[in-house]
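sequence and predicted structure below; questions after.
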Amino acid sequence: MILSLLVLAAISGDALISALIWLVVVALIYFVVTWGLAQFKLPEPFNTVIRVIVVLVVVFVVINVLLTLAGHPLIRW
């Protein structure tokens, strides 16, 4: 509990706003891509594979943003 409070105290306001902007941009891109996939009506195996790849990329970016808040990002952009 004390460790989590120390980590929260180390997060700056600028980093939090930057992370929030990243999350909003990633969410918008995700929704546009899924909407586009629904509009194009690809055959079923391709549609499922593309959706899984999109979800994996989004999850990876979100994990990276959250780890950046803790000071240990997976990838430095």
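Thanks, I have the structure now.

buried ones in the helix or strand hosting residue 49?
Using DSSP states H and E, residue 49 maps to helix 44-70. Applying a neighbour-count criterion of 16 or more other C-beta atoms under 10 Å, one finds 50, 58, 61, 62, 64, 65, 68, 69 buried in helix 44-70. Every residue, glycine included, has its C-beta placed from N, CA and C.

with stretch 24-39 instead?
Residues of stretch 24-39 classed as buried by neighbour count (16+ other C-beta under 10 Å): 26, 30, 33.

can you name every helix or strand that the helix holding residue 49 contacts?
With contacts defined as 3 or more C-beta pairs under 8 Å, 6 or more residues apart in numbering; DSSP states H and E, helix 44-70 has these neighbours: helix 13-40.

quick one, the helix it packs on and helix 44-70 angle?
Put simply, helix 13-40 runs at 180 degrees to helix 44-70, going by axes from the mean of the first three to the mean of the last three C-alpha atoms, to 10 degrees.

ok, the most centrally placed residue in the chain - contacts?
Nearest to the geometric centre of the chain sits residue 62, at 2.6 Å (C-alpha atoms, centre = their mean). Taking C-beta atoms under 8 Å, 6 or more residues apart in numbering, we find residue 62 in contact with 23, 26.

which single one of the buried residues of stretch 24-39 is nearest to residue 14?
The closest of these to residue 14 turns out to be residue 26 (C-beta to C-beta; 18.7 Å).
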